[in-house]
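Chemist: Dropping a prediction and its sequence here:
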Amino acid sequence: MLIFTGKPKFSVMKLILNLTLILNLIIYSISAREYQISSPDGKIKTTVAIGKEICYSVQFNNEKVLNSSSISFAFEQAPPLGKDMEIVSDKTFSVDETWKPVLKRFETIRNNYNGLKLELKEIKFPQRKLTLEFRVFDNGMAFRTEFPEQFAHGKTLLWMS
């Protein structure tokens with residue numbers, strides 16, 4: 001039988017607390033998936049992480065210009081969407097095309113970017129789906145969100161946070 005008195009009791013408590021924290025960090029880092037997309041010229045890098053939250057950050061010439069920012073959505077008649085998501089599919093792609101605009105300000109416009117398309121699904125009920133597409137151009141980055149038709153009928157009011 002072990003009996004701890006005084007100081008050793010606190011050391012064991014600290015050890016258990018530290019081990020718990022380390023284990024949680026390991027589990028979180030294993031469960032988080034990170035993607036990196038660069039502009040065609042390589043100057044802009046966007047990092048997307050899917051874990052407990054959906055987060056992205058942006059670097060320009062290896063200097064962080066946008067710190068890690070989360071993506072989530074609040075609905076008027078439904079629970080928030082954007083936490084505890086799992087990856088259904090991922091696809092990286094590149095586009096380099098030119099097109100002629102209707103208004104002749106420019107003769108042709110070049111559409112050149114690298115992209116990442118992520119199909120996500122909530123881990124917990126109601127398991128709503130969400131598609132995020134990131135595009136990284138030589139002069140900036142953008143992302144768009146698609147909400148596949150599901151569960152809700154009629155109009156849905158949402159706030160992006």
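Modeler: Arrived safely.
Chemist: For stretch 131-143, which residues meet the burial criterion?
Modeler: Within stretch 131-143, the residues that qualify as buried are 132-137, 141, 143, counting by 16 or more other CB atoms under 10 Å. C-beta: built from backbone N, CA, C; applies to glycine.
Chemist: Lowest mean pLDDT among the helices and strands of the protein, which one is it?
Modeler: The helix or strand of the chain with the lowest confidence, counting by mean pLDDT, DSSP states H and E, is strand 158-160 at a mean of 56.
Chemist: what about the most centrally placed residue in the chain, which SS state?
Modeler: Residue closest to the mean C-alpha point of the chain, counted by CA atoms, centre = their mean, is Ile54 at 3.3 Å. Classification of Ile54 by DSSP: H, G, I helix; E, B strand; the rest coil places it in strand.
Chemist: ok, now how distant is it from Glu119?
Modeler: 12 Å (CB to CB, to the nearest Å).
Chemist: same thing with Val48?
Modeler: Per CB to CB, Val48 is found 13 Å from Glu119.
Chemist: again with Thr98
Modeler: For Thr98, the distance to Glu119 - CB to CB - is 29 Å.
Chemist: more crowded one of the two?
Modeler: Comparing Thr98 with Glu119 by other CB atoms under 10 Å, the one with more neighbours is Glu119, at 18 against 10.
Chemist: isn't there a strand covering that one?
Modeler: Yes - Glu119 sits within a strand when classified using three-state DSSP.
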